[in-house]
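**Q** Okay, here's the prediction I keep looking at, along with the sequence it came from:
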Amino acid sequence: MSVIVKICGLSTEETLDAALDAGVDMVGFVFFPKSPRAVSIERAAALAARARGRAEIVALTVDMDDAGLAAIVDTVKPDWLQLHGGESVARVAEIRQRFGLKVMKALGIRSAEDIAGVPAYAEVADRLLLDAKPPKGAAHPGGNGVTFDWHLLDALDPGLSYMLSGGLDADNVAEALALTRPFGIDASSGVESAPGIKDPARIRAFIAAIRGFRPTADQGRTIAGERISS
Ligand SMILES: O=C(O)c1ccccc1NCC(=O)[C@H](O)[C@H](O)COP(=O)(O)O
């Protein structure tokens with residue numbers, strides 16, 4: 001099974017088309033007002049309509065209440081809700097139940113302590129996104145373009161499925177893939193020319209680097225399949 005690719009924070013037709021034409025699997029729209037990638041619900045709905053049937057549509061929210069989530073779900077009609085804030089295990093389960101959509105929980109990783117908290121979320125989320133924890137003082141909890149120590153993921157149960165993000169780009173994604181075993185890869189800053197400005201050439205190069213990655217025999221790498229919670 002090949003690694004799936006998500007490009008997050010798309011906001012224009014041109015860059016969405018570049019990702020779709022390059023074979024992206026998931027496209028993410030950011031509903032966090034402070035982000036340089038934030039889109040309105042109406043804008044996201046138009047972009048989602050363009051992408052539907054070609055890639056899965058992900059609505060990224062941060063500690064959003066039910067009314068806000070309902071407005072996005074009703075208008076954008078995403079396939080996934082990505083929860084990128086401090087949502088508790090119980091809140092993830094509640095959102096999944098209430099909206100009947102697949103839920104991806106993003107978890108920030110910086111230390112072994114952060115790894116310890118991962119399995120509880122695997123019980124309630126349809127997918128996990130293991131991202132770099134934001135640098136101290138960062139204005140938003142994701143999309144910061146920083147990597148984390150990928151060796152920390154060695155401590156995870158090999159059967160636990162996750163997507164990987166945090167500072168990934170065309171130059172470093174092969175190394176990340178060689179050291180980890182993600183179900184999918186996600187990027188935002190690494191395919192931009194400036195914060196919030198996606199770059200079609202960088203999107204193409206990033207997806208090509210992932211599709212072209214071949215593990216060496218001694219890496220004995222396996223990709224964990226999806227674990228769908230019941
Ligand atoms: O992208 C944002 O601006 C953002 C804002 C608030 C919460 C999450 C955000 N992005 C989350 C993503 O899914 C990113 O793709 C992920 O954090 C990796 O980002 P990057 O390190 O820039 O590739």
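**A** Yes, it's here. The shown structure was predicted, so the numbers you read here are calculated from the model rather than taken from an experiment.

**Q** drop to CA atoms for contacts and neighbour counts, all remaining ones
**A** OK.

**Q** Now the most centrally placed residue in the chain: which helix or strand?
**A** Nearest to the mean C-alpha position of the chain, by C-alpha atoms, centre = their mean, lies residue 186 at 4.6 Å. Residue 186 is part of strand 184-187 when elements are defined by DSSP states H and E.

**Q** That strand pairs with which strands, parallel or anti?
**A** Strand 184-187 pairs in its sheet with strand 4-8 (parallel), strand 163-164 (parallel), by DSSP bridges.

**Q** circling back to that earlier point, list the contacts of the residue nearest to the centre of the chain.
**A** Neighbouring residues of residue 186 by C-alpha atoms under 8 Å, 6 or more residues apart in numbering: 5, 6, 7, 8, 163, 164, 165, 166, 168.

**Q** Give me the pLDDT value at it.
**A** Per-residue pLDDT puts residue 186 at 98.

**Q** Repeat that for the one 4 residues further on.
**A** Among the per-residue scores, residue 190 holds a pLDDT of 98.

**Q** Over to the one 3 residues further on?
**A** pLDDT for residue 193: 98.

**Q** Helix or strand: which one has residue 35?
**A** Per DSSP H and E, there is no helix or strand for residue 35.

**Q** anything in the strand holding residue 186 sitting right up against the ligand?
**A** Yes: applying C-alpha under 6 Å from any ligand atom, one finds strand 184-187 touching the ligand at 186, 187.

**Q** And for stretch 159-172?
**A** Yes: Stretch 159-172 is in contact with the ligand by C-alpha under 6 Å from any ligand atom, via 165, 166, 167, 168.

**Q** correct me, but the third one touches residue 150?
**A** This means residue 167. No: using C-alpha atoms under 8 Å, residue 167 makes no contact with residue 150, being 11.5 Å away.

**Q** neighbour-wise, which of the two wins?
**A** Just comparing residue 167 and residue 150: by other C-alpha atoms under 10 Å the higher neighbour count belongs to residue 167, 22 against 18.

**Q** give me phi/psi at residue 29?
**A** Backbone torsions of residue 29, given as degrees, to the nearest 10, read phi -120, psi 130.

**Q** Residue 136 now?
**A** Here is the backbone geometry of residue 136 (degrees, to the nearest 10): phi -60, psi 130.

**Q** residues near it, how many?
**A** Around residue 136 there are 6 other residues, counting by other C-alpha under 10 Å.

**Q** ok, residue 26 touching residue 57?
**A** Yes: with contacts counted by C-alpha under 8 Å, residue 26 reaches residue 57, the gap being 5.9 Å.

**Q** a helix runs through residue 95, doesn't it?
**A** Yes: counting by DSSP: H, G, I helix; E, B strand; the rest coil, residue 95 falls inside a helix.

**Q** what does the model give it for pLDDT?
**A** As predicted, residue 95 sits at a pLDDT of 98.

**Q** Can you name the residues that contact it?
**A** 66, 103.

**Q** Dump stretch 169-187 to CSV, restricted to CA.
**A** Listed next in CSV are the C-alpha coordinates belonging to stretch 169-187 (Å, rounded to 0.1, in the frame of the first residue of the first chain):
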residue,chain,number,x,y,z
ASP,A,169,9.0,19.3,2.2
ALA,A,170,10.4,17.7,-1.0
ASP,A,171,13.9,17.7,0.5
ASN,A,172,13.3,16.0,3.8
VAL,A,173,10.3,13.8,3.2
ALA,A,174,12.3,10.8,2.0
GLU,A,175,14.3,10.8,5.2
ALA,A,176,11.1,11.0,7.3
LEU,A,177,9.7,8.1,5.3
ALA,A,178,12.9,6.1,5.8
LEU,A,179,12.8,6.6,9.6
THR,A,180,9.0,6.2,10.3
ARG,A,181,6.1,4.1,9.0
PRO,A,182,3.3,6.5,8.4
PHE,A,183,0.0,5.7,6.7
GLY,A,184,0.1,9.1,5.2
ILE,A,185,2.1,12.4,4.9
ASP,A,186,0.7,15.9,5.4
ALA,A,187,2.3,19.3,4.6
